[in-house]
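S.K.: The following block contains a protein sequence and its predicted model.
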Amino acid sequence: MIDRSPIKIPTGRYLVTGGAGFIGSHLCETLLERGASVVAMDNFVTGRPANIQPLLANSKFEFIEQDIIKPFEMDGGYAGIFHMASPASPIDYAKLPIETLHVGAIGSDNVMKFALAKKCPVLVASTSEVYGDPLVHPQKEDYWGNVNPVGPRGCYDESKRYMEALTMAYHRVHGLKTRIIRIFNTFGPRMRLDDGRVVPNFCMQALRGEPLTIYGSGKQTRSFCFVSDLVEGIMRTLVHGDSLPVNLGNPVELTMLQFAERIAALAGSSTKTEFRPLPEDDPKTRRPDITRAKALLKWEPQVDLDDGLQQTLSYFRAFK
């Protein structure tokens, strides 16, 4: 049975790496709203100061500018760690392949050591990209994936796959309380306009009356989860999850053509589509099986796709 009430997070102080990022900043904000104290850590490679600016006046919020590839220490106790740091869009990790690999490997190891020292649980943000261009549909957590380790997306895919393996090693060897989430496509306010992902692209193109860019035939599919639903799933995983990976995403599946039409209609745009070549190793299908999340976390997305898109379009209107 799905629990539609907000999760009560245990009291205490939480560390959020990547706290100035799109998802990380929403997570920080929600933790504060539910009474927690938050230390956010970011080096602003892809995160933005504007995302956390409204939180700085909160006495329970602290920000530390830090590259987690470098070792770090902090005094005091922690109730938990949310490891969200990493470039996450194809444009970002194409520009920063070595940094992406390092944050998944060296950065994650630093986070695990910190969690061990503080004797607190740690949740790591993995991705649906660990499934690669999947041969199984929808994707369940027991699917091992179809990944090209030497392709242009390999730096991100393998960074996250290594991080998952490292997390399980710390759990098995040291008994560390760990959680692994696999995030599917997520959208909402605070996405970067220039991150190259489909939601900012379509929203800005529709609002400006420009052709919506479709890569390939447009028949490839994706599933989109609104950020507030994802944040609820993240917190539920820390409290109610176990050591094995869990998919977090919205199982409603659309082709890119359908998604473009949906956004254009909501934006009141009569714009046309423009087709371009499909990038190498771009997945043909992507849809989460969330059976495990429903059973373990009593969670499923609540926000209607159109409602979420309207909120996102409202945010992007300020930038058109």
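M.R.: Thanks, I have it. None of the values given here were measured: they were computed from a predicted structure.

S.K.: all strands for the protein, in order.
M.R.: The residue ranges that make up the strands of the chain, judged by DSSP state E, are 13-17, 37-42, 61-65, 80-83, 122-127, 178-183, 186-187, 212-215, 221-223, 225-226, 246-248, 253-255, 273-276.

S.K.: Go through the ones you listed and name the closest to Q302.
M.R.: Distances from Q302 to each of the strands of the chain were compared using Cβ to Cβ; the shortest belongs to strand 225-226, at 8.4 Å. Where you see a C-beta, it was placed from the backbone N, CA and C, and this is true even at glycine.

S.K.: Please state the mean pLDDT value computed over the closest one.
M.R.: Over the span of strand 225-226, the pLDDT mean works out to 98.

S.K.: Partner strands of it, with direction?
M.R.: For strand 225-226, the pairing partners within the sheet under DSSP bridges are strand 186-187 (parallel).

S.K.: neighbouring contacts of the strand it pairs with?
M.R.: Contacts with strand 186-187, where a contact means Cβ atoms under 8 Å, 6 or more residues apart in numbering, come from 22-23, 199, 224-227, 230, 249, 308-309, 312.

S.K.: Show me what the mean pLDDT comes to for that strand.
M.R.: If you average the pLDDT over strand 186-187, you get 97.

S.K.: That one: how far from the chain's middle?
M.R.: Its chain's average C-alpha position is 8 Å from that of strand 186-187, according to Cα atoms, centre = their mean, to the nearest Å.

S.K.: likewise stretch 138-147?
M.R.: A distance of 18 Å separates the C-alpha centroid of stretch 138-147 from that of its chain, computed with Cα atoms, centre = their mean.

S.K.: Offset the numbering so it begins at 77, please.
M.R.: All right, first residue 77 from here; so that's stretch 214-223.

S.K.: list the buried ones in it?
M.R.: Taking 16 or more other Cβ atoms under 10 Å as the basis for neighbour counts, the residues of stretch 214-223 that come out buried are 214-215, 217, 219, 221, 223.

S.K.: same check, this time on stretch 87-101
M.R.: When burial is assessed from 16+ other Cβ under 10 Å, stretch 87-101 yields the following buried residues: 89-101.

S.K.: again, but for stretch 359-375
M.R.: Neighbour counts using 16+ other Cβ under 10 Å place 359, 361-366, 368-369, 373, 375 of stretch 359-375 among the buried residues.

S.K.: which ones among these are found in helices?
M.R.: Cross-referencing those with the helices (criterion: DSSP state H) gives 368-369, 373 as the overlap.

S.K.: got the contact list for the residue nearest to E105 when sequence neighbours are not counted?
M.R.: Computed as Cβ to Cβ, 6 or more residues apart in numbering, the closest residue to E105 that is not its neighbour in sequence is L131, at 6.3 Å. Residues touching L131, when contacts are defined by Cβ under 8 Å, 6+ apart, comprise 101, 104-105, 108, 114, 116, 137, 139.

S.K.: Please convert these to CSV, extending it with pLDDT and distance to R352.
M.R.: Supplementary listing: the contacts of L131 in CSV, determined by pLDDT from 0 to 100; distance: Cβ to Cβ, whole Å:
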residue, pLDDT, distance to R352
S101, 98, 31
C104, 98, 36
E105, 98, 36
L108, 98, 41
V114, 98, 41
A116, 98, 37
F137, 98, 42
F139, 98, 39
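
S.K.: If you tally nearby residues, what's the number for E329?
M.R.: Residues near E329, counting by other Cβ atoms under 10 Å, number 17.

S.K.: if we can go back for a sec, and the buried residues of stretch 87-101, which two are furthest apart?
M.R.: When those are compared pair by pair using Cβ to Cβ, the two farthest from each other are R89 and F98, 22.7 Å apart.

S.K.: wait, isn't T289 in contact with N277?
M.R.: Yes: taking contact to mean Cβ atoms under 8 Å, the distance of 6.0 Å between T289 and N277 places them in contact.
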